[in-house]
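Engineer: Fold the following for me, if possible:
(chains A and B)
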Number of protein chains: 2
Amino acid sequence: MKQLLIASTSTIHGSGYLEYLLNDLSVFFKNINTVTFIPYARPGGISHDDYTIKAKKAFKKINKHVIGLHEFKNPIEGIENSEAIFTGGGNTFVLVNQLYKNNLIQPLQDCINSGTPYLGTSAGSNICGLTMHTTNDMPIVYPPSFKTLSFVPFNINPHYLDPIPNSTHMGETRETRIKEFHAYNTQPVVGLREGSWLEVNDNEITLKGIHKARIFEYNKTPYEVGSGTKLNALK
Amino acid sequence: MKQLLIASTSTIHGSGYLEYLLNDLSVFFKNINTVTFIPYARPGGISHDDYTIKAKKAFKKINKHVIGLHEFKNPIEGIENSEAIFTGGGNTFVLVNQLYKNNLIQPLQDCINSGTPYLGTSAGSNICGLTMHTTNDMPIVYPPSFKTLSFVPFNINPHYLDPIPNSTHMGETRETRIKEFHAYNTQPVVGLREGSWLEVNDNEITLKGIHKARIFEYNKTPYEVGSGTKLNALK
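Structural biologist: Predicted structure coming up:
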C-alpha cells in the first residue's frame, strides 16, 4: 500500500525548514526510526553532506534519525533497505539525472509501490508525477530522460504561482507555461501552491494544507479544488 | 562576417510586437528584402502559420517581406537560400527539438557564420549561446541535446529578472538559478533585461538598449555592464 506525502515546498515564507509540516510528518512517520534522505537535487549547489545535515536537524525535532543516500556505498541497496524515504528540493534536472545515473528509478518504484513511506518536497515532489515536463527549474544539466516515478497518474507543478498583479514583465505566467505543456502532452497537471501537499494512501489522493490547488486538464478550462478534495479520478 | 541582433524579448510592456526594435531593424536589415522566419518556438502553442502572420505584420512596417521556414518543402534549403533569418520567441525546448529534428543546426551555423544577418528574440536569442541550459522555459518536450548554435562564446539568459522586492514566494530567484548553473558549468552567462539586446559584428559584441546587463562568470561575483559595453573578451 503506497503512502506518500507530496509537498509543494519544504519551507513556507517566514518559517523554518519543514517547520509547517512537522506535526503531520510525526504522524506520517510514526512507525519509522530512520529516514533515508536523497540529497541529489542540491539546492544552490550545496553539497550532499551539507544538505543532509539540514534534513537531519529538521527531523531531530520529531525524533527521527536521517541518513543520506550518498553515505551508502551502494545506493540501490540504500533504497532497498530504507524504512522511509525523503527526497528534498533543489534542481529537478540535477535530481533526475543523478537518479538515472545511479540506476535508482526502478528500485525507488519497487520500494514505494510496496509501501515504504515517501516524503517529497518541491523537486522531490515533481518526480512523483509521470514526467518532469512541468518543473519550474532551470535545465542546468541534461538528464537521460524526463520520465519520472509515476506514483500519481498526472504531473505536479510545485511552487504553483498565480499571475503577479500589475507585473510589467513579459515572461510567461505559470498558467501560460502549463497551457503550452498541453500543446504537446495530455496528462493533467496539479498546480500545488506553497503550503499545500498531496497525501497518497494507496489509490486515494487527497489535497491537504491551507490553499486550494489549480488543476489543468487537457482541453479543459483550469479549475480550483479545495483542501480535502480527493483527486482519485484525475488521470 | 557575422551579423546578429540578439534581443531579450520581442515585446516590451505597453508596446506592440517588435515595436521598440523597428528603427534598429530597418538599419540592421537595410539591404534585405525577405526575412526567413523560424516559427518553431510556438509561444502559447500557436501554429506556425499564425505565428508567421504575426511576424509578417511587424516587418511590413519596415517594408520587409517575411516567409515562414515551415513553408519550404525542404527546410535545410530554406535556410541555405535565406537572405536573412529571424527566430521568434516561445518555448526553447520546442524550438531546439524542432531544429534537431529537421537537421538544421549545422546549416544555420554555416549560414550565419558566413554572414547572413540573424535576428533572435527570447528563445531565438537563447539558441545563439553555447547551450540552452540557461533558458527560463518549461521543459514541455525533450530535445535530443541542450547544445545550441554557439554564435557567442557564452550563454544567454533572456528576460533577465531582478529579485522581486518583498516577495514571499519561495521559488528560486533568477540569480540563484544561474548560480546553480555554475555549480555544473563554467561558461559565462549574460542576463539580458527586457529592452536590451546584443549586437554582434563579426567578433565584436556590444550591449544595446536602455538597460544594463548582468554578467555571471564562473567563480566571480555577478556584475553589471552598461549599454554600449563591448563583451568581446567574455568567454
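
Engineer: C-alpha from now on. contacts and neighbour counts both.
Structural biologist: OK.

Engineer: Tell me where the model's unsure across chain A.
Structural biologist: Chain A contains no residues with pLDDT under 70.

Engineer: for it, which helix is longest?
Structural biologist: In chain A, with assignment by DSSP state H, the single longest helix is helix A:48-60.

Engineer: Now do stretch A:115-132: distance from first to last residue.
Structural biologist: 23 Å (CA to CA, to the nearest Å).

Engineer: With stretch A:178-198 instead?
Structural biologist: Span of stretch A:178-198 from end to end, CA to CA: 19 Å.

Engineer: likewise stretch A:79-98?
Structural biologist: 14 Å.

Engineer: starting at the chain centroid, how far to it?
Structural biologist: 9 Å (CA atoms, centre = their mean, to the nearest Å).

Engineer: buried set for that stretch?
Structural biologist: Residues A:79, A:82-98 are the ones in stretch A:79-98 that count as buried (16 or more other CA atoms under 10 Å in any protein chain shown).

Engineer: Filter those residues down to just the ones in strands.
Structural biologist: Applying DSSP state E to the buried residues of stretch A:79-98, the entries found in strands are A:85-87.

Engineer: Can I get these in JSON lines including distance to A:Asn126?
Structural biologist: Formatted as JSON lines, those follow (distance: CA to CA, whole Å):
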{"residue": "A:Ile85", "distance to A:Asn126": "15"}
{"residue": "A:Phe86", "distance to A:Asn126": "13"}
{"residue": "A:Thr87", "distance to A:Asn126": "10"}
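
Engineer: of all those, which comes closest to chain B?
Structural biologist: Of all those, chain B sits closest to A:Thr87, with 16.9 Å by CA to the nearest CA.

Engineer: Which parts of chain A are helices?
Structural biologist: Under DSSP H, chain A gives helices at A:22-28, A:48-60, A:75-80, A:92-101, A:105-113, A:123-126, A:174-181.

Engineer: Of these, flag the one that's most buried.
Structural biologist: Neighbour counts (mean count of other CA atoms under 10 Å in any protein chain shown) averaged over each of these peak at helix A:123-126, with a mean of 32.

Engineer: quick one on the thing from earlier: mind checking if the longest helix of chain A is in reach of chain B?
Structural biologist: No - contact of helix A:48-60 with chain B (CA under 8 Å from any CA of the partner chain) is absent, the minimum separation being 13.0 Å.

Engineer: can you tell me which residues contact A:Tyr160?
Structural biologist: By CA atoms under 8 Å, 6 or more residues apart in numbering or on different chains, the contact list for A:Tyr160 reads A:8, A:174, A:191-194.

Engineer: Please list the residues of chain A that sit near chain B.
Structural biologist: A:9, A:11-13, A:43-45, A:132-142, A:145-146, A:159, A:168-171, A:176-177, A:179-181, A:183-185, A:194.

Engineer: residue ranges for the strands of chain A, please.
Structural biologist: Under DSSP E, chain A gives strands at A:3-7, A:34-38, A:65-68, A:85-87, A:118-121, A:155-157, A:189-191, A:196-201, A:204-209, A:213-216, A:223-225.

Engineer: which stretch among those comes nearest B:Leu108?
Structural biologist: Closest of the strands of chain A to B:Leu108 is strand A:155-157, at 34.7 Å (criterion: CA to CA).

Engineer: contacts for the closest one?
Structural biologist: Contacts for strand A:155-157 (CA under 8 Å, 6+ apart): A:8, A:125-126, A:128-136, A:187-192.

Engineer: Show me what counts as buried in that strand.
Structural biologist: Of all the residues in strand A:155-157, those buried under the rule 16+ other CA under 10 Å are A:155-157.

Engineer: Chain B versus A:Phe151, what's the distance?
Structural biologist: 20 Å (CA to the nearest CA, to the nearest Å).

Engineer: Could you give the number of residues near that residue?
Structural biologist: Applying other CA atoms under 10 Å in any protein chain shown, we find 21 residues neighbouring A:Phe151.

Engineer: Equivalent analysis for A:Gly14, please.
Structural biologist: Using other CA under 10 Å, the number of residues around A:Gly14 comes to 8.

Engineer: Would you mind measuring from it to B:Met170?
Structural biologist: Remark: distance between A:Gly14 and B:Met170 (CA to CA) = 10 Å.

Engineer: A:Arg174 too?
Structural biologist: Separation of A:Arg174 from B:Met170 (CA to CA): 15 Å.

Engineer: likewise A:Asp24?
Structural biologist: As defined by CA to CA, A:Asp24 lies at a distance of 21 Å from B:Met170.

Engineer: Would you agree A:Lys2 is in contact with A:Asp110?
Structural biologist: No - judged on CA atoms under 8 Å, A:Lys2 makes no contact with A:Asp110 at a distance of 10.5 Å.

Engineer: which other residues reach stretch A:216-235?
Structural biologist: Contacts of stretch A:216-235 (CA under 8 Å, 6+ apart): A:153-154, A:178-179, A:182, A:185-191, A:203-215.

Engineer: how about it: buried residues?
Structural biologist: A:216-218, A:222, A:227, A:230-231.

Engineer: tell me which residues in stretch A:112-123 are buried?
Structural biologist: A:112-113, A:115-123.

Engineer: Find the residue at the geometric middle of chain A.
Structural biologist: A:Ser125 (0.8 Å; CA atoms, centre = their mean).

Engineer: Find the nearest non-adjacent residue to A:Lys212, please.
Structural biologist: Distances taken as CA to CA, 6 or more residues apart in numbering or on different chains place A:Gly226 nearest to A:Lys212, at 4.4 Å, with adjacent residues excluded.

Engineer: Correction: the previous question concerned A:Tyr40.
Structural biologist: With sequence-adjacent residues excluded and distances taken as CA to CA, 6+ apart, A:Tyr40 is closest to A:Leu95, at 4.9 Å.

Engineer: For chain B, state which of the buried residues of stretch A:216-235 is nearest.
Structural biologist: A:Tyr218 (13.0 Å).

Engineer: Could I get the phi/psi values of the closest one?
Structural biologist: phi -50, psi 130 (degrees, to the nearest 10).

Engineer: separation between it and B:Phe86?
Structural biologist: For A:Tyr218, the distance to B:Phe86 - CA to CA - is 31 Å.

Engineer: again, but for A:Gly120
Structural biologist: 42 Å.

Engineer: And A:Ser122, by the same measure?
Structural biologist: From A:Ser122 over to B:Phe86 (counting by CA to CA), the distance is 37 Å.
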